[in-house]
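Trainee: quick check, what structure comes out for this input:
(chains A and B)
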Amino acid sequence: MTTVDSMDTNQAGVTESAAAPLLEARELTRHFRVGRGFSPQMLHAVDEVNFSIGRQEIVALAGESGSGKSTIARLLAGVYKPTSGEIFYQGRAMSTFRSRKDQLAYRGDVPMVFQDPFSSLNPAFRVKHGVLRSLKLHRRDLTTKAQRFDEAERVIEAVGLSPAGDVMQRYPYELSGGQRQRIGFAQALAHKPKLILADEPVSMLDVSIRIGLLNLMAELRESQGVSFLYITHDIASARYVADRLMIMYAGHIVETGPTESVLQNPKHPYTDLLLGAVPDPRAPLAAGLESDTGEPPKVIDPTPGCRFRWRCPLAVDRCHSETPLLRVLGKNHEAACHVAEPDS
Amino acid sequence: MPSLESRPLLEVRDLTVEYDTGDRPVVAVDHVDLDVHAGEFVGVVGESGCGKSTLLFAIAQLLSSPAAITGGSVTFQGQDLVAMNEKKLSALRWRDFSVVMQSAMNALNPVKSIGAQFRDTIMAHDEPVADERPAEVLRLVGIDPIHLNSYPHQLSGGMRQRAMIAMALLFTPDLIIMDEPTSALDVVAQRSLMVQIKELQKQLGFAVIFVTHDMSLVSHFSDKLVVMYAGQVVEFGDTRAVFDHPEHPYSAGLLDAFPSIRGPKVPLTGIPGSPPNLADPPPGCRFQPRCPKAFEDCPKIAPELYQVGAVQARCLLHVKEPVRERTS
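Mentor: Model (predicted):
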C-alpha cells in the first residue's frame, strides 16, 4: 500500500480555516410536499438539526427507517437543497458554491457510499470504469492515463482488494457483496475526499462480512485522513467504529454525545428503546420480551410537542405541548427530553 | 437432541439438492438431516451462498429448474413430500405448512388489496374458513383489520411483513417456514416482529424453521440451531449450547462477527474470505481455507458430524466417535 499523498493540493478550491469544523449544519431543515391538489401537506423529514463533524472523526447517525437519516446524507451530498438552514463546509456556506468548479470540488471532497452494493455499481462495466471516471472528473492533478491507472490501483489496494490489477478487470457480478461495497469505498477514495457519507454501507451485507468493512472505515480514517458520517440503524456497529453518536427520531436529533457516554448512560427514552432492540446473545436469554409495536410517525404538518410522546413510557403533560430542545446533560452529552436528568 | 418419544413433525433425511449447471452439478444442499418437532423453533444460520434458502425451498418443494432434489426425503406428518404430486402439495401448502418469504414487498401483489389476497388464498383451498378469519389473523399480528382494504404500498415494511405472517396463519398451519423475514427491517421493527412470532407460536403452537444470516437474532428465540456452511450442516444442537460453547470454528466465527453493545470493546475480525464456490469445493473440510484452527489433516479428510457434548459438529478437532458412517 502506498503512503498517503500530502494533503497540500487543496483541490476543494476552498480556503481552509483551521478553527471551523470540517462540516457544520445549522438549523438544517428539509420538508417535502405530500398530498395533492387543494390539500397540500408538508412532510417534515429533517427539522432544525444542528451538528458538526470534525477532521478525521467518525460520527454515527442512528435511528429507525423513516427518521430522516438518509435525508441528512442527501442534504450533505447536495442531492437535496435545504428548505432552510445552512451547511458550512470548512467554514464556507454551501449555498455560496455557485460555480461548477466549486460544486465539483465539494462533491469530490464529500462523496457518498450507498447502501446497496448490488445496484450502485453499473453491471455493464468493469470495476475500473467507475474508479477511473471518478479520477478523470475529480483529479485534475493526474494528467495521464498511466497516472490515473496507478492511482486507481492504489485506492483499490487501500480498500483491501488485491491484486488490484486483477480486480479492476472484473465485472461487478464476479465480486461478492463485501467486495462490491469495498469498490464503493474505492470510488469514494479516488476523489481524495475529506468526508465520506456512508449511508448504511453494511446493512445489506452478511453479518460475517460487516465487521471487515467497519474495520476498513477505521483504517481509512487513519491512513487516508478522512472523516466519516456513518449512517446506520445498528447501534452496536456504531459503537464499534464511531467517536460520536447522534440519535435521530422523526426528523429531530434527540440525543448526541461521545459514543460510550450515550450508550452507557442513555438520556433519551428513545435511545433506551433502540438499545433494547439490539440482539445480544451474550446477554441472558429471557432478557426483556416486552413488545414495542410503535413505529416512527410520519411527521406531516406537526404540532408542537415531543414527537416520541406516543411511544414514550415517561411522557408527561409538558411533552404534549412543548417541543423539547437539545440541552446539555453531561460532558458533551445532549438530549432533547423534558424528563431526562442531567449527570449529577 | 431430538427427543425419541414422539415422531417429529418434519423429518429431513439425507436431503441433497443439485443445481444442474452443465459441466458439473453444483451441490447446494449436501446430505442434510433435520428434525423439527411440533411447536419447535429451529434456527438455520449461515452466510449467503451456504445453501440455507435452497434448503428451505427444497423442504417446501418450491425448487425450480435448474435446481432439483437428487436424493433424500422430506417427511412431513408422515408423508413424503418429495414423492408427492403438485396437486396434493398445493392442498398441503398454506393449510398444513406455509412459507414467509424474505421480501414481503415482492411476495405481495402490489395491485391487489391485502383482503383480496387473503381471499385468493382461502379460495384456493376447499377448507371452510369463517368470513371473519382474515380480520382475525390481522388482529393476531397487531394490524388494524381496516388494512384489509389497504394495498401493500400503503403499509410500512414492518406491517407488510406482518401481513405476510398473517396470511401464513390463515389456516393455522403446523409449520411455518420463514426465510429471513426480518432482513429488510431495522432493529426496532425486527425486534418487535421476533417477539410477536414467538408469542404467536406460544399461543397457536406451530413449529417454525427460521433462516437468517444473523446468528444474534435467533439467539433469544430458537430452541434448536443449525449452522450451515457450503451446503452442509456444520453444527447442530440446542441454541443455548451452541451459543455458549460453539464447537465448530465457523460457528465461533459467526458469533464473534458482531460487536457487542454492552461488554468490553474488543477489535473483531469477522471471518476473513468468503464461502467457497460450490462447483469446486476445497478438498477435505470445506471451511479449512478460512479456518483459524486448521491443521495438516483438514485438507485431506472430509469430516463427518461428530457428537461433542450436547451438540454435533463437523470438525476434525472433535474426531472421537463418528455419529454415523457415510461413504461419499
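Trainee: which stretches of the stretch 201-344 of chain A have low pLDDT?
Mentor: Where the stretch 201-344 of chain A drops to pLDDT under 70, the residues are A:282-296, A:298.
Trainee: can you pull out the helices in it?
Mentor: With DSSP state H, counting those that start in this stretch as the criterion, the stretch 201-344 of chain A has helices at A:207-224, A:235-241, A:259-264, A:269-277.
Trainee: most packed of these?
Mentor: helix A:235-241 (a mean of 24; mean count of other CB atoms under 10 Å in any protein chain shown). From N, CA and C alone the C-beta is placed, and that goes for glycine too.
Trainee: what's the host helix or strand of B:Met167 packed up against?
Mentor: Here B:Met167, judged by DSSP states H and E, is contained in helix B:157-168. Applying 3 or more CB pairs under 8 Å, 6 or more residues apart in numbering or on different chains; DSSP states H and E, we find helix B:157-168 packed against strand B:97-100, helix B:104-107, helix B:114-123, helix B:133-140, helix B:187-204.
Trainee: by mean pLDDT, show me the worst of the ones you listed.
Mentor: The minimum mean pLDDT among these belongs to helix B:104-107 (a mean of 76).
Trainee: nearest to B:Phe41, of the helices and strands packed on helix B:157-168?
Mentor: helix B:187-204 (6.4 Å; CB to CB).
Trainee: near chain A, which residues of the stretch 1-150 of chain B?
Mentor: Taking CB under 8 Å from any CB of the partner chain as the measure of proximity, the stretch 1-150 of chain B contacts chain A at B:Glu47, B:Ser48, B:Gly142.
Trainee: most neighbours, which of those?
Mentor: Neighbour tally across the residues of the stretch 1-150 of chain B next to chain A (other CB atoms under 10 Å in any protein chain shown): the maximum, 24 neighbours, falls on B:Glu47.
Trainee: and the gap between the nearest residue to that one once chain neighbours are set aside and A:Asp272?
Mentor: With CB to CB, 6 or more residues apart in numbering or on different chains as the criterion, B:Glu47 has its nearest non-adjacent residue at 4.7 Å, and that residue is A:Asp206. Between A:Asp206 and A:Asp272 the computed distance is 29 Å (CB to CB, to the nearest Å).
Trainee: got it, and B:Leu255?
Mentor: B:Leu255 is 26 Å from A:Asp272, by CB to CB.
Trainee: same question for A:Phe149.
Mentor: For A:Phe149 relative to A:Asp272 (CB to CB), the value is 51 Å.
Trainee: and if you look at B:Val26?
Mentor: According to CB to CB, B:Val26 and A:Asp272 sit 47 Å apart.
Trainee: what's the answer for B:Gly284, then?
Mentor: The separation that B:Gly284 has from A:Asp272, given CB to CB, amounts to 49 Å.
Trainee: list the contacts for A:Lys128?
Mentor: A:Ala152, A:Met168, A:Gln169 (CB atoms under 8 Å, 6 or more residues apart in numbering or on different chains).
Trainee: now do the residue of chain A most remote from its centre, the pLDDT please.
Mentor: The C-alpha centroid of chain A is most remote from A:Phe38, which lies 36.1 Å away (CA atoms, centre = their mean). A:Phe38 carries a pLDDT value of 75.
Trainee: isn't there a strand covering it?
Mentor: No: with DSSP: H, G, I helix; E, B strand; the rest coil as the criterion, A:Phe38 is assigned coil and is not in a strand.
Trainee: against A:Val278, how distant is it?
Mentor: 45 Å.
Trainee: which ones among the contacts of A:Lys128 are found in strands?
Mentor: Using DSSP state E, the subset of the contacts of A:Lys128 located in strands is empty.
Trainee: the lowest-mean-pLDDT helix or strand in chain B: how far from the chain's middle?
Mentor: For chain B, the helix or strand with the lowest mean confidence is helix B:104-107, at a mean of 76 (criterion: mean pLDDT, DSSP states H and E). Chain-centre distance of helix B:104-107: 18 Å, with CA atoms, centre = their mean, to the nearest Å.
Trainee: what helices or strands is that helix leaning on?
Mentor: Against helix B:104-107 (3+ CB pairs under 8 Å, 6+ apart) you get helix B:157-168.
Trainee: run the chain-centre distance for the helix it packs on.
Mentor: For helix B:157-168, the distance to the chain centre is 18 Å (CA atoms, centre = their mean).
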